[in-house]
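[1] the sequence and its predicted three-dimensional model are supplied below.
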Amino acid sequence: MMPKLIDTHAHLEEIDDLKKALEEAREAGVEAVIAVGQGPQSNRELLDICPRYKDILPIYPAMGVHPGYVEGCDPEDALSFIEENIKDIVALGEIGLDYWYKPARKEGPGRQLQNLVFEKQLDMAKRYDKPVVVHSRGAWRACLEMLSRYDIKEAEFHWYSGPQDVLEELLERGYCISATPAAEYSPEHKSAIARAPLEKIFLETDSPVRYKPAEGEYFSRPKDVFRTLKAVAEIKKISEDQIAQVCNNSSMEFFGLQK
């Protein structure tokens, strides 16, 4: 029997022909999708997408201001919208820091703005008891330190490819990481997946991100969570069925989904 999977991280508002993509996902064995917001526009679009396609697949919204979207938006307005809809979302996400973005490569206003918006969202998560989906590229330790400062209990480091010492510390705190199709070829990502306990790994696509495996690049869709599953199985030397069961159970508990 084909395993059922949850795609725990997809940017559905960016996918062309979304109806077809969701139908393909359902046929492949995807049983639910976590639709992750990135900024004011995508957060608003999620409120339309989730009910519109509910007859195809259950879609659960997460809202946040991604560090790449803090420039050029009104943070207070964006955060107010999230708070107004806080009861309808399963997590604050995608939030965090990205010190690889040009405005934040050095200490200065760009990095300070990212830090400020991240802090405000962590404060909101704490007040409303919501888990957080963390973008941490180039700022892995800074993100971990900020989560510790706000005493965040439940956090997932999305697509973790950072240093091993930070990985060890975040796992010790009980946090999770996610695996993407980059597990097929990225040494850093594969190393993190190999180290993390299976129950601390979620499966996702980050659709419609473009991946670049040796056989040729492609733009991902929710059905490609099965590529993630296969890659994790090869890394862990564990059956796909067992991985699907453990990872699904962990992600459902994290996001508060009904079995």
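    In hand now; what should we look at?

[2] where do the strands sit along the stretch 151-259 of the chain?
    Taking DSSP state E, counting those that start in this stretch, the strands of the stretch 151-259 of the chain run over residues 155-157, 176-179, 201-203, 210-211, 218-219.

[3] winner for burial among the ones you listed?
    Across the strands of the stretch 151-259 of the chain, averaging neighbours per residue (mean count of other CB atoms under 10 Å) puts strand 155-157 on top, at a mean of 29. In short, each C-beta sits where N, CA and C put it, glycine included.

[4] average pLDDT across it?
    Average pLDDT, strand 155-157: 98.

[5] what do you get for stretch 36-51?
    According to the model, stretch 36-51 has a mean pLDDT of 96.

[6] with stretch 247-259 instead?
    93.

[7] so which bits of that stretch are buried?
    The neighbour-count check on stretch 247-259 (16 or more other CB atoms under 10 Å) flags 247-248, 250-252, 254-255 as buried.

[8] before we move on, the earlier item: of all the strands of the stretch 151-259 of the chain, which lies closest to Arg26?
    Arg26 sits nearest to strand 201-203 of all the strands of the stretch 151-259 of the chain, at 16.2 Å, using CB to CB.

[9] in the sheet, which strands lie alongside the closest one, parallel or antiparallel?
    strand 176-179 (parallel) (DSSP bridges).

[10] which residue ranges form the helices in the stretch 1-150 of the chain?
    Applying DSSP state H, counting those that start in this stretch to the stretch 1-150 of the chain gives helices spanning 18-28, 40-52, 75-84, 109-128, 140-149.

[11] on that earlier part again, so which of the strands of the stretch 151-259 of the chain gets nearest Asp17?
    Distance to Asp17, taken as CB to CB, is lowest for strand 218-219 among the strands of the stretch 151-259 of the chain, at 11.6 Å.

[12] strands paired with that closest one, and their directions?
    Sheet pairing for strand 218-219, assigned by DSSP bridges, gives strand 210-211 (antiparallel).

[13] need the helices of the stretch 1-150 of the chain in TSV with mean neighbour count and distance to His66, can you?
    Compiled in TSV, those are given as follows (neighbours: other CB atoms under 10 Å; distance: least, CB to CB, whole Å):
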stretch	mean neighbour count	distance to His66
helix 18-28	17	20
helix 40-52	17	9
helix 75-84	16	10
helix 109-128	18	9
helix 140-149	18	13
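
[14] now those in TSV, with distance to Pro67?
    Formatted as TSV, the helices of the stretch 1-150 of the chain follow (distance: least, CB to CB, whole Å):
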stretch	distance to Pro67
helix 18-28	25
helix 40-52	14
helix 75-84	11
helix 109-128	5
helix 140-149	10
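
[15] right, and these - which one's nearest Leu171?
    helix 140-149 (10.7 Å).

[16] so which elements touch the closest one?
    Judged by 3 or more CB pairs under 8 Å, 6 or more residues apart in numbering; DSSP states H and E, the packing partners of helix 140-149 are helix 109-128, strand 132-135, strand 155-157, helix 164-172.

[17] what helices or strands is the shortest one leaning on?
    Helices and strands touching strand 155-157, as assessed by 3+ CB pairs under 8 Å, 6+ apart, comprise strand 132-135, helix 140-149, strand 176-179.

[18] apply 6 Å and report the result again.
    Secondary-structure packing of strand 155-157 (3 or more CB pairs under 6 Å, 6 or more residues apart in numbering; DSSP states H and E): strand 132-135, strand 176-179.

[19] enumerate every residue touching His66.
    Applying CB atoms under 6 Å, 6 or more residues apart in numbering to His66 gives the contacts 38, 94.
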